[in-house]
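Peer 1: structural data only, the sequence is not supplied:
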DNA sequence: CTGTTAGCGCTTTCAC
DNA sequence: GTGAAAGCGCTAACAG
């Protein structure tokens, strides 16, 4: 920078002013500086500014599992948003929850300006250091907020209602559910949302038709195996995410069955792959862009209201009907009229 | 840090020495400092060190497409490796090649200590600024090196040979290929590798049975449609990656056919999803961990030999046989004995 | 062994 | 409108 100042015949203070777009510089001086800057290919070093202000222009993004394509896509969406405001993303994948403690340390080291926690599977203790240091937090679908921490919830409720109505209109009455393993809180919320969607549609909720999964293919497969072994198995299921749904489809196939003939399946996420598998998956889409936007919005809110309880944001979902759902085998023909 | 020094009754130089593990400190002093550090939850600010040494302990990772799960998995593998050496990864997804210029700028700003370029689809000009600033570069599968830039190639050759032999042993003779769109160089290399694998196996290479794809599902689908319309379509194909293979399978399905009955398909990557689709995909596995390790190794080599031409590293591939390959419809029964 | 000090690159008062 | 200078947190050379 000194070098630029020297070449332009000004001081580094002036160069700094030009670069930060201060209007206190005469236009011809500014132009000259800009010329020298671009000619020399000068790129300012933000670490110096960071050192001075303690802000890194970086947000931590804690994800449970980069193997799930959904999160890869989400990182991309979030990154795009940050580019526009000249920030970076520090992605952190946390397979096991004890790694969160280390991750928090990493974020602290890198002086992140905030953190988005997409794995809700964590105990508050782990993020305590972040809160203590006044780092704004945003959780996704944790359904609870606290001082310095906002939440963006994904509106599964609406998606579940749409999905259940769709299944009901096809003639399904015994609808099962394969959930996730996450923190008791979220799991509870979702299971309740499912139950209410069922009841809201005027159907009977069968607790015996719900299973736990692990948000992965393996969990969906195991759960569907267990479900189909029952004396009265479900004719349709809704799963916690597309990976679980894919696992369920695989399980049906292993059992010698066919989707949707033997079981209708509804996923959640709408991975771009869900469209190309056979059969293409009916799923409740979580819009990544909107989710990313809401996270950033929540981040800004939290930052500006650090002393107050965080706000709750919500992202809508949308049912995408494809071919993994159909009329149940046993459905009386007349139902088709409805 | 001053605060810590004050509390421990030492100077900040001593604190710094303790934190960096210097042995020049008496054990009891060091212990005391460590106690204070952990009690106060002190976390050093690396930007200061960065400012001083110009090193950020961050590597840029330029990826073509975070939507392809392979890259998500690769980011995870690379991140794991970097954690061990206390570095971070700055992931940058580059959809269009003109964005590379901006990305390069971002990496320069963040003072990355090096960059791994997984999209080989770029002209050398775009990364010139990196080279100029003596930032070590590693390309993946670019098959060329230069001063300050090493390459890690993926041994498609071996994978193609294995795949062709596998298909030949099943009785296939007309084997097609759906490539990618990447820079002319890599595409050429792969197409050649395919051709040689075919010839090496004593089969006839039919140029008319090769198509270009786009490394995505859409490309595979379009290419297979075109291929199957031919008077004498292939009985098996090898594709540039699993997404293309999935697209090809989808295309066959759209055409009313069945994989592998109407066409055997071999992919490349071994996405974890490839195992769970129907039929599970026969594919040439690229080991992410080994690839990540090789990239880091290449990075270290380049860093230590910045003045010299980079080295070439290679990562082996491995054929994983699943159910998307089978004997061709037309195969004479006696072939089965072989 | 430990303390003092200078300086990394930048921004930002405060003078001029 | 512009320059001079201090200071962000840390490290390394040097002094003690």
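Peer 2: Thanks, I have it. Everything numeric in this text was worked out from a predicted model, so none of it was measured.

Peer 1: so where is chain A shaky, pLDDT-wise?
Peer 2: Within chain A, the segments meeting pLDDT under 70 span A:96-98, A:120, A:182-184, A:331-338.

Peer 1: for chain A, what spans make up the helices?
Peer 2: Taking DSSP state H, the helices of chain A run over residues A:2-8, A:12-19, A:27-40, A:46-53, A:69-84, A:99-109, A:124-132, A:156-170, A:184-200, A:217-228, A:242-254, A:288-304.

Peer 1: name the nearest residue to the residue in the stretch 101-250 of chain A positioned nearest to DNA strand C, ignoring sequence neighbours.
Peer 2: DNA strand C sits closest to residue A:111 of the stretch 101-250 of chain A, with a gap of 13.7 Å, by Cβ to the nearest atom of the strand. (C-beta placed from N, C-alpha, C; glycine too.) Spatially, and ignoring its direct neighbours in sequence, residue A:111 is nearest to residue A:56 (4.2 Å; Cβ to Cβ, 6 or more residues apart in numbering or on different chains).

Peer 1: thinking again about what came up before, for residue B:210, which of the helices of chain A is the nearest?
Peer 2: Closest approach to residue B:210 among the helices of chain A is made by helix A:69-84 (28.4 Å; Cβ to Cβ).

Peer 1: what's in contact with that closest one?
Peer 2: Residues outside helix A:69-84 that contact it (Cβ atoms under 8 Å, 6 or more residues apart in numbering or on different chains): A:59, A:61, A:63-66, A:88-89, A:91, A:93, A:116, A:118, A:241-242, A:269, A:271-273, A:286, A:288-289, A:291-293, A:295-296, B:66-67, B:69, B:71-72, B:75, B:91-93, B:102, B:106, B:273.

Peer 1: show the buried residues in the residues you listed.
Peer 2: Burial by neighbour count, 16 or more other Cβ atoms under 10 Å in any protein chain shown: within the contacts of helix A:69-84 this picks out A:59, A:61, A:63-66, A:88-89, A:91, A:93, A:116, A:118, A:241-242, A:269, A:271-273, A:286, A:288, A:291-293, A:295-296, B:66-67, B:69, B:71-72, B:75, B:91-93, B:106, B:273.

Peer 1: which parts of chain A sit against DNA strand D?
Peer 2: Residues of chain A lying near DNA strand D by Cβ under 7 Å from any atom of the strand: A:9-14, A:17, A:24-26, A:29-30, A:48, A:51-52, A:54.

Peer 1: give me the PyMOL select line for these, limited to the buried ones.
Peer 2: Buried residues within the residues of chain A next to DNA strand D, by 16+ other Cβ under 10 Å, are selected in PyMOL with:
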select buried, chain A and resi 10+14+17+25+30+51
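
Peer 1: near chain B, which of the residues of chain A next to DNA strand D show up?
Peer 2: A:48, A:51, A:54 (Cβ under 8 Å from any Cβ of the partner chain).

Peer 1: now the last one, nearest residue through space, not along the chain?
Peer 2: For residue A:54, ignoring the flanking residues on the chain, the nearest one in space by Cβ to Cβ, 6+ apart is residue A:111 at 6.4 Å.

Peer 1: correct me if wrong: the one you found contacts residue A:60.
Peer 2: No - counting by Cβ atoms under 8 Å, residue A:111 stays clear of residue A:60, with 10.0 Å between them.

Peer 1: OK, contacts around residue A:291?
Peer 2: By Cβ under 8 Å, 6+ apart, the contact set of residue A:291 is A:74, A:77, A:140, A:152, A:154, A:315.

Peer 1: can you pick out the most distant pair from those?
Peer 2: Greatest spacing in those, by Cβ to Cβ: A:77 and A:154 (14.0 Å).

Peer 1: how much space separates the residue in chain A that DNA strand C sits nearest to from residue B:248?
Peer 2: Chain A approaches DNA strand C most closely through residue A:1 (2.5 Å), counting by Cβ to the nearest atom of the strand. Residue A:1 sits 54 Å away from residue B:248 when distances are taken as Cβ to Cβ, to the nearest Å.

Peer 1: now swap in residue A:161 and tell me
Peer 2: 37 Å.

Peer 1: these two: who's more crowded?
Peer 2: Between residue A:161 and residue B:248, counted using other Cβ atoms under 10 Å in any protein chain shown, the more crowded position is residue B:248 (33 against 19).

Peer 1: wait, doesn't that one sit right on residue B:239?
Peer 2: Yes - counting by Cβ under 8 Å, residue B:248 touches residue B:239, with 5.9 Å between them.

Peer 1: OK, contacts around the residue most central in space within chain A?
Peer 2: Note on chain A: the residue nearest the mean C-alpha position is residue A:118, at 5.6 Å, using Cα atoms, centre = their mean. Contacts for residue A:118 (Cβ under 8 Å, 6+ apart) come out as A:61, A:62, A:63, A:64, A:71, A:74, A:140.

Peer 1: what's the answer for residue A:149, then?
Peer 2: By Cβ under 8 Å, 6+ apart, the contact set of residue A:149 is A:127, A:131, A:136, A:137, A:138, A:139, A:302, A:310.

Peer 1: how much space between the closest residue in space to the second one that isn't next to it in sequence and DNA strand D?
Peer 2: Take residue A:131 and drop its neighbours on the chain: the residue closest to it by Cβ to Cβ, 6+ apart is residue A:148, 5.3 Å away. Distance of residue A:148 to DNA strand D, computed by Cβ to the nearest atom of the strand, to the nearest Å: 20 Å.

Peer 1: surely residue A:148 and residue A:133 touch.
Peer 2: No - Residue A:148 is beyond contact range of residue A:133, at 9.8 Å (criterion: Cβ under 8 Å).

Peer 1: for the stretch 51-200 of chain A, give the residue positioned nearest to chain B.
Peer 2: residue A:72 (3.0 Å; Cβ to the nearest Cβ).

Peer 1: still on that earlier bit, redo the contacts of residue A:149 as TSV? Include neighbour count.
Peer 2: Formatted as TSV, those follow (neighbours: other Cβ atoms under 10 Å in any protein chain shown):
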residue	neighbour count
A:127	24
A:131	16
A:136	25
A:137	25
A:138	30
A:139	27
A:302	24
A:310	22
